[in-house]
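Visitor: Make a model of this:
(one chain, ligands or ions: 1)
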Amino acid sequence: METWDAIRARRNVRQYTDQPIPREHLERILEAGRRAPSSMNTQPWDFVVVTERDDLRELAKVWEHAQHVAASAATIALVAPVPGAEPPGARVDYDLGQATAHIMLEATDLGIGSGHAAVEDQERAKRLLGFPDDRYCAYLIALGYPADRPLRPIANPTRRPFDEVVHWGRW
Ligand SMILES: Cc1cc2nc3c(=O)[nH]c(=O)nc-3n(C[C@H](O)[C@H](O)[C@H](O)COP(=O)(O)O)c2cc1C
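Guide: Have a look, this model is predicted:
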């Protein structure tokens with residue numbers, strides 16, 4: 001898919017078919033995340049990839065709006081330093097957003113749907129994912145082939161109007 005098409009086709013997909021994602025496509029999606037830019041190249045992220053159905057069901061319990069994780073083909077947990085343990089120069093939330101965008105756009109490029117989820121229950125996430133004490137699970141990105149409709153460029157996305165958002169030269 002062209003980059004411009006992928007940007008317009010990406011949307012939160014929360015219903016997935018049973019089709020597994022080939023390992024090489026999962027690796028390409030993760031590689032896209034690994035290549036994301038970060039403040040001073042600190043790369044303050046680790047990716048834990050969950051594909052076992054029982055684990056996905058357990059992971060879906062970390063936040064009331066993470067139910068879609070249970071039916072995903074795979075979910076990437078974005079793990080980051082706890083506040084206070086960041087590497088010098090890190091801008092962790094901004095950097096995680098960059099990695100997320102790379103991951104989601106590459107998934108879209110491959111026809112794979114993706115859906116964000118926040119994480120509330122850190123203890124449950126840590127028990128399942130096994131990350132160390134100086135890390136927390138910042139977000140989940142669920143992946144799977146869309147069960148609702150294929151990914152196609154969206155003509156009219158639910159966004160504020162261009163002329164309201166964009167200020168040329170000065171507000
Ligand atoms: C930081 C962040 C956290 C989000 N958390 C959730 C979540 O916990 N559950 C969920 O279903 N969607 C979550 N979303 C998805 C947003 O609701 C979604 O991106 C927004 O409504 C725009 O829709 P679209 O992605 O389909 O264009 C999150 C998005 C972001 C950027």
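Visitor: Give the helix, strand or coil label for the one residue sitting closest to the centre of the chain.
Guide: For the chain, residue 141 is the residue whose C-alpha lies nearest the centre (C-alpha atoms, centre = their mean; 3.3 Å). Using DSSP: H, G, I helix; E, B strand; the rest coil, the three-state assignment for residue 141 comes out as strand.
Visitor: and what of residue 154?
Guide: coil.
Visitor: what about it, how many neighbours?
Guide: Other residues near residue 154 come to 12 when the count uses other C-beta atoms under 10 Å. The way it works is simple: take the backbone N, C-alpha and C, and place the C-beta from them, glycine included.
Visitor: Hmm, it is touching residue 6, no?
Guide: No. Distance between residue 154 and residue 6: 11.6 Å, which falls outside the contact criterion (C-beta atoms under 8 Å).
Visitor: nearest residue to the residue nearest to the centre of the chain other than its sequence neighbours?
Guide: In space, residue 141 comes closest to residue 76 once its chain neighbours are excluded; the distance is 4.6 Å by C-beta to C-beta, 6 or more residues apart in numbering.
Visitor: So the residue nearest to the centre of the chain versus the ligand, what's the distance?
Guide: According to C-beta to the nearest ligand atom, to the nearest Å, residue 141 stands 10 Å off from the ligand.
Visitor: if I pick that residue, what's in contact with it?
Guide: If a contact means C-beta atoms under 8 Å, 6 or more residues apart in numbering, then residue 141 has 75-76, 78, 100, 103-104, 114-117 as its contacts.
Visitor: One more pass at 7 Å, please.
Guide: Residue 141 makes contacts with 75-76, 78, 100, 103-104, 114, 116, as judged by C-beta atoms under 7 Å, 6 or more residues apart in numbering.
Visitor: Show me where the protein has its strands.
Guide: The residue ranges that make up the strands of the chain, judged by DSSP state E, are 46-50, 74-81, 113-118, 135-144.
Visitor: can those strands go into CSV with extra columns for mean pLDDT?
Guide: Shown next, in CSV, are the strands of the chain (pLDDT from 0 to 100):
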stretch, mean pLDDT
strand 46-50, 98
strand 74-81, 98
strand 113-118, 98
strand 135-144, 98
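Visitor: got those as JSON lines, with distance to residue 158 columns?
Guide: Formatted as JSON lines, the entries for these read as follows, by distance: least, C-beta to C-beta, whole Å:
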{"stretch": "strand 46-50", "distance to residue 158": "29"}
{"stretch": "strand 74-81", "distance to residue 158": "24"}
{"stretch": "strand 113-118", "distance to residue 158": "15"}
{"stretch": "strand 135-144", "distance to residue 158": "20"}
